[in-house]
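Chemist: Take a look and give me a structure for this.
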Amino acid sequence: MNSEQMRSGLLFFIALVLSLSVHEAAHAFSAYLLGDDTARRHGRLSINPLAHLDQLGTIMIALMSFYGMGIGWARPVPVNPLNFQNPRRDCGFVAFAGPLSNILQGVLAFWILKLIPNTPGVHWDILFDLMKVLVMVNVSLAAFNLLPVFPLDGQKVLSALLPGRIARHFDFLCVRMGAWPLLIVILWEWILPFPGPLRLLMGPVSHGLSFLIENSAFWLG
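Modeler: Below is the predicted model of the structure:
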């Protein structure tokens, strides 16, 4: 591994750790605002990566950053739906808070990117590259987590949007099948030589989020 690959891997690692930490903190804060203090009692109301990182998940983040293999993760935030006034609706809000935080992080990084002066200097170059990576990482995280597949956030968001009876059948099916559908679509991308459901679903969502972020100044007035 040469110095450029090491530099690129380190930037991806930093971006992933920061983005995942804010993602999990967003789940915790939204649950707390909706009446559930479980995450607070577990010390998760923080953007400190140490509060959210999983040991094996962090190793996988490093492998993904430096070698382009694997998939990393942080520890899921504990939530007790019984503390919500409307459990199904509020679980949907808590789930959506994670991808929303990634979209907002992408917007912030894009704005900082535009404000970086076009002057030579190693510090500005590192900041510029980090912001570019943060935009890309957060778009990918938001698009991935919005997939309506258990145990991703998109599954809980979709469940909250579905009519009650259909939502119950959907949740039962997701729990019964477990994470196998997600594992299958991930392995599809690694093994088979043609695009699978993951790329076909994530592609349009990623492009849409990138367009939203790049035009955020217009959307936000």
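
Chemist: So which elements touch the longest helix along the chain?
Modeler: If you go by DSSP state H, the chain has its longest helix at helix 3-33. With contacts defined as 3 or more C-beta pairs under 8 Å, 6 or more residues apart in numbering; DSSP states H and E, the packing partners of helix 3-33 are helix 38-41, helix 55-67, helix 87-115, helix 122-145. Just so you know, the C-beta spots here come from the backbone N, C-alpha and C atoms, and that holds for glycine as well.

Chemist: Out of those helices, flag the one nearest Leu198.
Modeler: helix 122-145 (8.2 Å; C-beta to C-beta).

Chemist: Would you tell me what the next helix or strand after the closest one is?
Modeler: Using DSSP states H and E, the helix or strand that follows helix 122-145 in sequence is helix 153-161.

Chemist: Contacts for that following helix next, please.
Modeler: Defining contact as C-beta atoms under 8 Å, 6 or more residues apart in numbering, one finds that helix 153-161 is touched by 88-89, 91-96, 98-99, 145-149, 167, 170-171, 174.

Chemist: Would you list the buried entries among those residues?
Modeler: 88, 91-96, 98-99, 145-149, 167, 170-171, 174 (16 or more other C-beta atoms under 10 Å).

Chemist: before we move on, back to that, in the longest helix of the chain, what's buried?
Modeler: 8-32.

Chemist: Give me the angle between that helix and helix 153-161.
Modeler: Note on geometry: by axes from the mean of the first three to the mean of the last three C-alpha atoms, to 10 degrees, helix 3-33 and helix 153-161 are set 30 degrees apart in direction.

Chemist: gap between helix 3-33 and the chain center?
Modeler: From the chain centre to the centre of helix 3-33 is a distance of 9 Å (C-alpha atoms, centre = their mean, to the nearest Å).

Chemist: Tell me where the model's unsure across the protein.
Modeler: Counting by pLDDT under 70, the chain has low-confidence residues at 69-70, 119-122, 217-221.

Chemist: Give me the most central residue, this protein.
Modeler: Leu141 (3.4 Å; C-alpha atoms, centre = their mean).

Chemist: count of neighbours near the nearest residue to that one once chain neighbours are set aside?
Modeler: Distances taken as C-beta to C-beta, 6 or more residues apart in numbering place Asn102 nearest to Leu141, at 4.6 Å, with adjacent residues excluded. Asn102 is flanked by 27 other residues according to other C-beta atoms under 10 Å.

Chemist: OK, contacts around Asn102?
Modeler: Counted by C-beta under 8 Å, 6+ apart, Asn102 has contacts 19, 22-23, 138-139, 141-142, 145.

Chemist: do the same with Asp36
Modeler: 79-81, 83-84, 90, 94.

Chemist: just Leu201 next, same as before
Modeler: Leu201 neighbours (C-beta under 8 Å, 6+ apart): Leu147.

Chemist: same question, Val94
Modeler: 27, 30-31, 34, 36, 79, 156.

Chemist: same question, Pro195
Modeler: Glu189.

Chemist: before we move on, the earlier item: report the two of the contacts of Asn102 separated the most.
Modeler: Among those, Val22 and Val139 lie farthest apart (C-beta to C-beta), at 14.2 Å.

Chemist: can I get the contacts of Asp36 in TSV with secondary structure?
Modeler: Listed next are the contacts of Asp36 as TSV, based on DSSP: H, G, I helix; E, B strand; the rest coil:
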residue	secondary structure
Val79	coil
Asn80	coil
Pro81	helix
Asn83	helix
Phe84	coil
Asp90	helix
Val94	helix
